[in-house]
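> Following is a predicted model, sequence given first.
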Amino acid sequence: MTKSNPGNFFEDFAPGQVIAHATPRTLSEADAVLNIALTGSRYALFSADSFAQNCGLPGAPIDPLLVFHTVFGKTVPDISLNAVANLGYAEGRFLTPVYPGDTLNAVSEVLGVKANSNGKTGIVTVRTTGFNQEELPVLTYVRWAMVNKRDANAPTTDSPPQTPAPVVKPPELMLPPALDFSTYDFALAGSVHTFSDYEIGEKIDHVDGITVEEAEHQLATRLYQNTAKVHFDALAQKESRFGKRLIYGGVAISLARALAFNGLANAQLMLAINGGRHVNPLFAGDTVYAWSEVLDKDDLGEAGALRLRLVALKNRSAADFPYKTEAGEYDPAVVLDFDYWCAIPKR
Amino acid sequence: MTKSNPGNFFEDFAPGQVIAHATPRTLSEADAVLNIALTGSRYALFSADSFAQNCGLPGAPIDPLLVFHTVFGKTVPDISLNAVANLGYAEGRFLTPVYPGDTLNAVSEVLGVKANSNGKTGIVTVRTTGFNQEELPVLTYVRWAMVNKRDANAPTTDSPPQTPAPVVKPPELMLPPALDFSTYDFALAGSVHTFSDYEIGEKIDHVDGITVEEAEHQLATRLYQNTAKVHFDALAQKESRFGKRLIYGGVAISLARALAFNGLANAQLMLAINGGRHVNPLFAGDTVYAWSEVLDKDDLGEAGALRLRLVALKNRSAADFPYKTEAGEYDPAVVLDFDYWCAIPKR
Amino acid sequence: MTKSNPGNFFEDFAPGQVIAHATPRTLSEADAVLNIALTGSRYALFSADSFAQNCGLPGAPIDPLLVFHTVFGKTVPDISLNAVANLGYAEGRFLTPVYPGDTLNAVSEVLGVKANSNGKTGIVTVRTTGFNQEELPVLTYVRWAMVNKRDANAPTTDSPPQTPAPVVKPPELMLPPALDFSTYDFALAGSVHTFSDYEIGEKIDHVDGITVEEAEHQLATRLYQNTAKVHFDALAQKESRFGKRLIYGGVAISLARALAFNGLANAQLMLAINGGRHVNPLFAGDTVYAWSEVLDKDDLGEAGALRLRLVALKNRSAADFPYKTEAGEYDPAVVLDFDYWCAIPKR
């Protein structure tokens, strides 16, 4: 029997199954710095201890998206090594801030399985939770992926259909208990715009573009210890549908969020991921642009919350907000459709 | 009104104007390590805590050029987002050593404005100062850039001409108060050559060459949170004069200084930037070589100071010290002409 | 006289000569994190403080291969600046674990010299030892390289032939004194396979492949402060035999060891390097695969030890374990033949 991990196939998953993922990871200041070098993020809260301390926190927390990628990366060897497609996420909530020195591990529970009619694949839905070294949950989210069957003839039983909530409800959003925006420094944050300045339906072109190199997405994806073959093995990818390495979707999310600083500099702290879809593949050499739309607003007391749609594009300016055709199909330039909640000072 | 930052145009600047730049940044050991990985720097003082402690310092300080790039990066969104060219710097002085854990922010004062006769651009001169979390100035320098006008017809008033000092005078050089070279370890530093071994007029070929990749300069420039579009957006740059991404000039400075280890290993601590000009553009795929000339010497008591011209070249060996033609024009291989003071042990 | 380092030539070496190498280096969490980003390593012991603490250690140690590359890098300017080929290593032993904050320096002793009959080169054998800031040896190994003569006519005297031991004997393997695998967490480590599960002669295909980019190997090699020209100067390399930059052999070792996680996840702690040969050159754009063979086993008491052959390949799957032809020649796909001891829990 081989000692290499073949990964789980569709018929290996059953509702209720709990999988503890390997390789706990201590995140450090170095992860935060590499995150800046890899994305160009300029949000002050994750860039300067003094800024974070002025917001009531003990120091600069780890960017929630870096927490997400780290937790997600751990699940790959067990959940999606044999996945054909990562279909989306939902019900993502950041529960406890993560600081340099914290060690994360991840556990997934299988929520549902549904075989496809082609007999070759099926859809697996899991809830993944990341924990810190004190066993406090730091992040939980639902994800579904299309996974290959090992044996097309293996019998399978569909579980009752799962319908993730379309949006995390404001009462479920967790602000860090110590968060205090009363002396927030708007000049250092880089924008004067507060909660009340944003209107539902408002769209923002983030203007700047960023071209991605193979070395960059590989460094990022390895930083997350996500070793999915499609991102790294150019030789094997020559035989694939695209003929080349595919950029991990999380890289697109982080690049788009970094670009979103230009227009959303105060919307620093991601609180929830309502949904996310990787609509088209992103490749090295592509240039990423992004725009945002304010979908909703909610007053959380200490801070406001904006519900934002973040759309990442490849090789096309965001100036005219490309999204979907009248027929409801995504513009071919759209690579990411990401829906999240973010805290923002109220002034 | 857009919430994206359009940047300041020439007519937005006025002498005496003070601009507090966004995104304070806590520099950490990770920045020091990434600086090594990005440049190949081997100066012992910035590489080993024990070496720095033996020189009287609490630990390895952050490389002054990394401090410069970090401070410079903060000014970009306010000063040079609409710049056509970064014309030069002068009067740069490193005032307080920066250590891992220090948080830097930056403030600029407009010293002068001068419209160009074409009506489309003008020259803006600013003094930028970087501060640490104790509000101590860590670095101050003057910079001038050619900036686009928003409206060619906007009236402008030139300020009295500014003439930066051609050189920082030795009494203005600040050695770290605790600096003590009395037990300096020349073997660990990598060279036996001290202050007295260098003669004014001496030229040194730094021999080695280093080829720059797109991913490398992008990582470095994002590390400095310098998001000038010309360095990152290959698609937009296709329409530019060069047709491709331009490498941030600071990358050329740091690569050349790292190469200068081979011949100047004891000239570790940069004290001042007398002047710097990016003479020709550097692109990914170019190979950088460098040579130095000793322009002046001064005995600072605890240490000697060398005034050095650092010339970076692209795609041409430094063995014959290419610089200027007889007509006074730069050799087309020269990318950087950089004039600085550096401390060196006297033995 | 030039102040640039011309490096030592064959006739500069004499048996008994001791060389203290330059540039001590404080390794930090950032080095550990960059090591993960550059290699994709997932061994839990070097990834999470909590995992290491559960194994009796004060925190996650620095990956022994990163220690090796750091120590090796320091020797390059003195030993192999004028080397034609790095022929191999042997008798490598990791003596004291290295933790973030430790500062390493390196000293080499020349063991032997042997001129080649062509008069142009000779073989230099050195023993290099890395020390931490407490002057404790952390690593010692023997290395031999073919080095150019400065002057083909210079007379040389061969020393008595050196024959490094073919393998480090188990009693010479040093487990960290505090190491305690009694509560080892196999789920977090990512594999159920323990000492007793591996059989001598067993071969493991590590399945995954990783394509290397120029920016990646340059970043890694600069991180190690190894500035050998062949890895960085594309212009000079155009005139070389290969016409392009050569990837530092240590990069191949670390990539192969990272791939070996898939099948050897519990063989985390490298104890000794019995031998290593870089059989064929690796270039940017190549895809690395790896397989291992269990060569020997030994019970060290607190842990088991596996002696493993790690074979790295380029651009060819490891599924059929390519190694040598019947005539004893290496398969052209083999880039690395590496023989080492590794600790593994006994359960």
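Yep, it's here. Numbers count the residues shown, from 1 in each chain, chains lettered A, B, ... in the order given.
> what number of residues lie near residue A:283?
Residues contacting residue A:283 under the criterion other Cβ atoms under 10 Å in any protein chain shown number 18. Backbone N, C-alpha and C define where each C-beta goes, glycine included.
> I'd say it and residue A:246 touch.
Yes. Assessed by Cβ atoms under 8 Å, residue A:283 is found in contact with residue A:246 at 7.0 Å.
> Using the neighbour-count criterion, name the buried positions in the helix or strand containing residue A:69.
Assigned by DSSP states H and E, residue A:69 belongs to helix A:64-79. Within helix A:64-79, the residues that count as buried by 16 or more other Cβ atoms under 10 Å in any protein chain shown are A:64-79.
> and the angle for the lowest-mean-pLDDT helix or strand in chain A with helix A:64-79?
Within chain A, confidence by mean pLDDT, DSSP states H and E is lowest for strand A:83-94 among all helices and strands, at a mean of 91. Orientation check (axes from the mean of the first three to the mean of the last three Cα atoms, to 10 degrees): strand A:83-94 against helix A:64-79 gives 140 degrees.
> tell me the angle of the helix or strand following strand A:83-94 relative to helix A:64-79?
Per DSSP H and E, strand A:83-94 leads on to strand A:103-115 as the next helix or strand towards the C-terminus. Put simply, strand A:103-115 runs at 50 degrees to helix A:64-79, going by the same axes, to 10 degrees.
> Report pLDDT for the residue nearest to residue A:139 when sequence neighbours are not counted.
Of all residues not flanking residue A:139 in the chain, residue A:130 sits nearest, at 4.4 Å (Cβ to Cβ, 6 or more residues apart in numbering or on different chains). pLDDT for residue A:130: 98.
> now residue A:81
89.
> Next, work out how far apart it and chain C are.
10 Å (Cβ to the nearest Cβ, to the nearest Å).
> How is the residue nearest to residue A:139 assigned, secondary-structure-wise?
At residue A:130 the chain is in strand, as set by DSSP: H, G, I helix; E, B strand; the rest coil.
> nearest to chain C, of the buried residues of helix A:64-79?
Set against chain C, the nearest of those by Cβ to the nearest Cβ is residue A:77 (7.2 Å).
> which one is the closest one nearest to, not counting chain neighbours?
The shortest distance from residue A:77 to any residue other than its chain neighbours is 5.7 Å, reached at residue A:5 (Cβ to Cβ, 6+ apart).
> and the one you found, which of the three is it?
coil.
> what's the burial count for it?
For residue A:5, the neighbour count with other Cβ under 10 Å is 18.
> For it, list the residues it contacts.
If you count contacts by Cβ atoms under 8 Å, 6 or more residues apart in numbering or on different chains, residue A:5 has them with A:77, A:81, C:190-191, C:207, C:262-263.
> Quick check: residue A:24 touching residue C:50?
Yes. Using Cβ under 8 Å, residue A:24 is in contact with residue C:50, at 6.1 Å.
> where do the contact lists of these two overlap?
Residues touching both residue A:24 and residue C:50 by Cβ under 8 Å, 6+ apart: residue A:103.
> and the gap between whichever residue of chain A sits closest to chain C and residue A:201?
Residue of chain A nearest chain C, by Cβ to the nearest Cβ: residue A:22 (3.0 Å). Here residue A:22 is placed at a distance of 44 Å from residue A:201 (Cβ to Cβ, to the nearest Å).
> Looking at those two, which is more packed in?
residue A:22 (25 against 9).
> Give me the neighbour count for the closest residue to the more buried one other than its chain neighbours.
For residue A:22, ignoring the flanking residues on the chain, the nearest one in space by Cβ to Cβ, 6+ apart is residue C:190 at 3.0 Å. Number of residues near residue C:190 (other Cβ under 10 Å) recorded here: 23.
> Within range of chain C, give me the residues from the stretch 201-347 of chain A.
A:213-216, A:218-220, A:222-223, A:225, A:227, A:229, A:232-236, A:245 (Cβ under 8 Å from any Cβ of the partner chain).
> and the residue of chain A nearest chain B?
For chain A, Cβ to the nearest Cβ, closest residue to chain B: residue A:190, 3.0 Å.
> That residue: what's it in contact with?
A:42, A:44, A:261, A:265, B:5, B:22-23, B:77.
> okay, who's weakest in these by pLDDT?
On pLDDT alone, residue B:5 ranks lowest of the contacts of residue A:190, at 88.
> what ranges do the helices span in chain A?
Secondary structure of chain A (DSSP state H): helices located at A:29-39, A:49-54, A:64-79, A:186-189, A:214-223, A:234-237, A:249-259, A:261-264.
> could those be laid out in a markdown table, adding distance to residue C:101?
Rendered in a markdown table, the data for the helices of chain A read as follows (distance: least, Cβ to Cβ, whole Å):
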| stretch | distance to residue C:101 |
| --- | --- |
| helix A:29-39 | 13 |
| helix A:49-54 | 19 |
| helix A:64-79 | 23 |
| helix A:186-189 | 31 |
| helix A:214-223 | 22 |
| helix A:234-237 | 37 |
| helix A:249-259 | 30 |
| helix A:261-264 | 33 |
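> ok, back up a step: and the contacts of residue A:190, which two are furthest apart?
A:44 and B:5 (14.3 Å; Cβ to Cβ).
> Now do the same for residue A:2: its pLDDT.
On the pLDDT scale, residue A:2 is placed at 82.
> from memory it sits against residue C:203, does it?
No. Contact status for residue A:2 versus residue C:203: not in contact, 10.0 Å apart, counting by Cβ under 8 Å.
> And the two? Which one has more around it.
Each of residue A:2 and residue C:203 has its neighbours counted (other Cβ under 10 Å); residue C:203 has more, 16 against 11.
> I'd say the more buried one and residue C:290 touch.
No. Using Cβ under 8 Å, residue C:203 is not in contact with residue C:290; the gap is 11.4 Å.
> Tell me where the stretch 201-347 of chain A has strands.
For the stretch 201-347 of chain A, applying DSSP state E, counting those that start in this stretch gives strands covering A:203-205, A:210-211, A:269-278, A:287-299, A:304-314, A:334-344.
> Out of these, which gets nearest to residue C:294?
The closest of the strands of the stretch 201-347 of chain A to residue C:294 is strand A:269-278. By Cβ to Cβ, the value is 40.6 Å.
> Just the CA atoms of that closest one, as CSV, please.
In CSV, the C-alpha atoms belonging to strand A:269-278 read as follows (Å, rounded to 0.1, in the frame of the first residue of the first chain):
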residue,chain,number,x,y,z
LEU,A,269,-11.8,44.6,9.1
MET,A,270,-13.5,41.7,7.3
LEU,A,271,-16.2,40.2,9.5
ALA,A,272,-18.0,37.7,7.3
ILE,A,273,-17.9,36.0,3.9
ASN,A,274,-21.4,35.8,2.6
GLY,A,275,-20.5,34.0,-0.6
GLY,A,276,-17.7,33.7,-3.1
ARG,A,277,-17.4,32.3,-6.6
HIS,A,278,-14.4,32.0,-8.8
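> partners of that strand, with directions?
The pairing partners recorded for strand A:269-278 under DSSP bridges are strand A:83-94 (antiparallel), strand A:334-344 (antiparallel).
> residues touching the nearest residue to residue A:90 once chain neighbours are set aside, list them.
Nearest residue to residue A:90, sequence neighbours excluded (Cβ to Cβ, 6+ apart): residue A:164, at 3.6 Å. Residues counted as contacts of residue A:164 (Cβ under 8 Å, 6+ apart) are A:90-91, A:125, A:142, A:275.
> 7 Å instead?
Residues near residue A:164 by Cβ atoms under 7 Å, 6 or more residues apart in numbering or on different chains: A:90-91, A:142.
> Then residue A:87?
The contact partners of residue A:87, by Cβ under 7 Å, 6+ apart, come to A:123, A:144-146.
> which two from those end up farthest apart in space?
A:144 and A:146 (8.0 Å).
> where do the contact lists of the two overlap?
A:87, A:123.
> So which bits of the stretch 1-150 of chain A are right by chain C?
A:3-5, A:20, A:22-26, A:28, A:30-31, A:34, A:103, A:105, A:133 (Cβ under 7 Å from any Cβ of the partner chain).
> Which one (most neighbours) among these?
With neighbours taken as other Cβ under 10 Å, the top of those is residue A:25, carrying 29 neighbours.
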